[in-house]
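Q: need a 3D model of the sequence below.
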Amino acid sequence: MASETFNHSAIAITSRSRVWATLQQPGTWEGIGGVDNVHDPVVGADGSLQSFSFESLAGGKTYQGHATLGPREEGQLITWNIETSDIAGTVTVTLEDEGVDTRVGVTLEVESRGMLAAAFFPIISSTIGNGFPATVEDFAAGLG
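A: Predicted coordinates:
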């Protein structure tokens with residue numbers, strides 16, 4: 001299967017604890033490229049986001065997807081395992097203090113599923129890659 005990894009970091013003009021709290025809000029994840037219309041969130045008793053469903057629009061088609069919690073370190077790292085019918089992968093967000101602000105690192109790993117998805121993967125990958133830095137900058141700006 002075809003796969004690609006994208007990385008970018010940006011500054012959120014707020015504290016790491018505030019960013020972490022915002023990452024527990026389901027709608028926050030609509031700011032990450034490829035994740036639209038977050039719905040059906042599952043929130044733990046401690047208020048932490050555990051999973052959610054989403055839609056993803058690519059090539060004029062809407063895909064239904066699901067995100068489940070992967071590795072997580074309170075206040076430092078959160079990983080989502082994402083799946084749609086044609087794409088699987090992970091979104092990992094790391095947080096580091098940058099003075100009074102927070103450096104937000106985002107890594108997106110995507111992999112095609114099936115022959116048809118593999119055929120279109122170069123187009124999908126190019127679209128993601130071209131917009132990824134701006135998407136991460138906007139995502140970080142929305143975390144304050």
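Q: got the confidence number for Gly44?
A: With respect to pLDDT, Gly44 scores 95.
Q: buried stuff in the strand or helix carrying Val93?
A: Assigned by DSSP states H and E, Val93 falls within strand 87-98. By neighbour count on 16 or more other CB atoms under 10 Å, the buried set for strand 87-98 is Ile87, Ala88, Gly89, Thr90, Val91, Thr92, Val93, Leu95. All C-beta spots, glycine's among them, are computed from the backbone N, C-alpha and C.
Q: how much space separates the residue lying closest to the third one once chain neighbours are set aside from Leu57?
A: Using CB to CB, 6 or more residues apart in numbering and skipping residues adjacent in sequence, the residue nearest Gly89 is Val110, 4.0 Å away. Distance of Val110 to Leu57, given as CB to CB, to the nearest Å: 15 Å.
Q: on that earlier part again, isn't there a strand covering the residue nearest to Gly89?
A: Yes: judged by DSSP: H, G, I helix; E, B strand; the rest coil, Val110 forms part of a strand.
Q: thinking again about what came up before, neighbouring strands of the strand holding Val93 in the sheet, and parallel or not?
A: Sheet pairing for strand 87-98, assigned by DSSP bridges, gives strand 77-83 (antiparallel), strand 101-112 (antiparallel).
Q: I'd like those laid out as TSV, including mean neighbour count and distance to Met1.
A: Shown next, in TSV, are the strands paired with strand 87-98 (neighbours: other CB atoms under 10 Å; distance: least, CB to CB, whole Å):
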stretch	mean neighbour count	distance to Met1
strand 77-83	19	13
strand 101-112	20	5
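Q: ok so, going back, any chance of a markdown table for the buried residues of strand 87-98, columns pLDDT?
A: Listed next are those as a markdown table, based on pLDDT from 0 to 100:
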| residue | pLDDT |
| --- | --- |
| Ile87 | 84 |
| Ala88 | 89 |
| Gly89 | 90 |
| Thr90 | 94 |
| Val91 | 95 |
| Thr92 | 97 |
| Val93 | 98 |
| Leu95 | 98 |
